[in-house]
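Asks: Build me a model:
(one chain, ligands or ions: 1)
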Amino acid sequence: MELEEFAKLLLRVAWIAGILPILVASVLSSSSRFHQLLSSFANRGKTFSLFTSNKFTVPQRFFLHFYVLAVVWTTLLLLITWLYALGVESATIANHLTGGESHILSRRYIVWRTVFLLLLMEVQVWRRLYETVYVFNYSPTARMHIVGYFTGLFFYTAAPLSLCSRCAPDMVKFSFHGLAEFTGKGQYEVSFLKFDWSGFVNPLMKLGWFQWIGASIFIWGWIHQCRCHAILGSLRHKEHTNEYVVPHGDWFEIVSCPHYLAEIVIYGGLLITSGGSDLTIWLLFGFVVVNLVFAATETQRWYLRKFENYPRTRGAILPFVY
Ligand SMILES: NC(=O)c1ccc[n+]([C@@H]2O[C@H](COP(=O)([O-])OP(=O)(O)OC[C@H]3O[C@@H](n4cnc5c(N)ncnc54)[C@H](OP(=O)(O)O)[C@@H]3O)[C@@H](O)[C@H]2O)c1
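Replies: Got it, this is the predicted structure:
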């Protein structure tokens, strides 16, 4: 097995290793020891305060680390993919002039689709970074388990990588080749920098209808998550207190965790944008779903326990279903 294939397999195994324990804990009773262990790893902030010991925990405001990592890593991958896409573009034009080759055309489509996916991810992680700094006001006592912290760091390393895993091996070769060329010849002689930069966005406009449907779903989830986060943030800013209250407005009228629901919609949008033919992206989506459904179940239980007058018609995360 080649190194690239092995790396891809490793990524898939990692997603499955993340999904399985959460699935098992979800089907077990909440009083089972395994469920409680998983809850202590996954809970944060208000739901974490159910647990008394602060051993092996970090402040919940360390969420900031996830988004700093996500922004740096996604931007780097986006830049490499975009440069690689430009390389494929010029190869396509050269082949077209000399008769053309269909596999280069399909490669070109996959690469530009990957650029588009990473662009959407970039839009998401920048907003999350902004919200973590300016919108949320994590209470000083809010904590999360160290396992949850490392899971978050893993997630924001593996998620952008999964989105580009189909062209990652070629991108790596391209980067090393480009770097060698750059150090050997200097920037004015390097072939990958000699592009018609004016036309470098045009191929993005030729993506298929799957990409535009996926992007629309992504934007729909993105807007609602932005609104729901603003509502959560305003509760803290308005009240100037660390007390929790029942949130109202937007999707909060139908579910207790609309920001988690919106996250699922966002990653569903990315899955559709990818065309749905890559198992790694399906596994990434699967992890987001099981992880957030589990977290929403814990949050719903917390709300029902904490507020006697909590609206009983509100589901945990899936409107009218769950
Ligand atoms: N892709 C993934 O797998 C994944 C995993 C985790 C999170 N996320 C995303 O990250 C975002 C944030 O997640 P999170 O778990 O940090 O959200 P959260 O626990 O709901 O907390 C968000 C902020 O709102 C405050 N808050 C929550 N409920 C409140 C209430 N009833 N009254 C007053 N303040 C309240 C929290 O305060 P406290 O700090 O005091 O609790 C915190 O400052 C979500 O949109 C989620 O989708 C994604």
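
Asks: which intervals of the stretch 51-200 of the chain have sub-threshold pLDDT?
Replies: Low-confidence segments of the stretch 51-200 of the chain (pLDDT under 70): 51-53, 89-105, 175-200.

Asks: Write out the residues of it neighbouring the ligand.
Replies: Counting by C-beta under 6 Å from any ligand atom, the residues of the stretch 51-200 of the chain close to the ligand are Gln60, Phe63, Phe136, Asn137, Tyr138, Ser139, Ala142, Phe155. From N, CA and C alone the C-beta is placed, and that goes for glycine too.

Asks: could the residues you listed go into JSON lines alongside secondary structure and neighbour count?
Replies: Formatted as JSON lines, these follow (DSSP: H, G, I helix; E, B strand; the rest coil; neighbours: other C-beta atoms under 10 Å):
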{"residue": "Gln60", "secondary structure": "helix", "neighbour count": "21"}
{"residue": "Phe63", "secondary structure": "helix", "neighbour count": "22"}
{"residue": "Phe136", "secondary structure": "coil", "neighbour count": "21"}
{"residue": "Asn137", "secondary structure": "coil", "neighbour count": "16"}
{"residue": "Tyr138", "secondary structure": "coil", "neighbour count": "19"}
{"residue": "Ser139", "secondary structure": "coil", "neighbour count": "18"}
{"residue": "Ala142", "secondary structure": "coil", "neighbour count": "19"}
{"residue": "Phe155", "secondary structure": "helix", "neighbour count": "19"}
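
Asks: Using CSV, lay out those together with distance to Arg312.
Replies: Shown next, in CSV, are those (distance: C-beta to C-beta, whole Å):
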residue, distance to Arg312
Gln60, 28
Phe63, 30
Phe136, 28
Asn137, 29
Tyr138, 29
Ser139, 27
Ala142, 27
Phe155, 33
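
Asks: Can you tell me which of the residues you listed is nearest Arg107?
Replies: Phe155 (28.6 Å; C-beta to C-beta).

Asks: so the closest one touches Phe66, yeah?
Replies: Yes: Phe155 lies in contact with Phe66 (C-beta atoms under 8 Å); the separation is 7.3 Å.

Asks: where exactly do the helices run in this protein?
Replies: Counting by DSSP state H, one finds helices in the chain at the ranges 3-27, 33-42, 63-97, 102-130, 146-163, 168-185, 209-239, 258-273, 279-306.

Asks: relative orientation of the third one and helix 102-130 in degrees?
Replies: Spelled out, that is helix 63-97. 160 degrees (axes from the mean of the first three to the mean of the last three C-alpha atoms, to 10 degrees).

Asks: How about the last one?
Replies: Angle of helix 279-306 versus helix 102-130, following the same axes, to 10 degrees, is 20 degrees.

Asks: Check the model's average confidence along helix 279-306 for me.
Replies: Summarised as a single mean, pLDDT over helix 279-306 is 95.

Asks: so how far is that helix off the chain centroid?
Replies: From the chain centre to the centre of helix 279-306 is a distance of 14 Å (C-alpha atoms, centre = their mean, to the nearest Å).

Asks: just the fifth one next, same as before
Replies: Mean C-alpha position of helix 146-163 versus that of the full chain (C-alpha atoms, centre = their mean) differs by 9 Å.

Asks: Can you tell me how far the residue in the chain that the ligand sits nearest to is from Cys226?
Replies: Going by C-beta to the nearest ligand atom, the ligand is nearest to Gly45 of the chain, at 2.3 Å. Applying C-beta to C-beta, to the nearest Å, the value for Gly45 to Cys226 is 19 Å.

Asks: go on, Lys173?
Replies: For Lys173 relative to Cys226 (C-beta to C-beta), the value is 38 Å.

Asks: Between those two, tell me which one has more neighbours.
Replies: Counted by other C-beta atoms under 10 Å, Lys173 and Cys226 do not tie: Cys226 has more neighbours, with 17 against 12.

Asks: which residues touch that one?
Replies: By C-beta atoms under 8 Å, 6 or more residues apart in numbering, the residues touching Cys226 are Arg127, Glu131.

Asks: ok, so what distance separates it from Trp126?
Replies: In terms of C-beta to C-beta, Cys226 sits 12 Å off from Trp126.

Asks: same thing with Val58?
Replies: Val58 is 23 Å from Trp126, by C-beta to C-beta.

Asks: With Ala262 instead?
Replies: Applying C-beta to C-beta, the value for Ala262 to Trp126 is 16 Å.

Asks: can you check Ser162 too?
Replies: For Ser162, the distance to Trp126 - C-beta to C-beta - is 19 Å.
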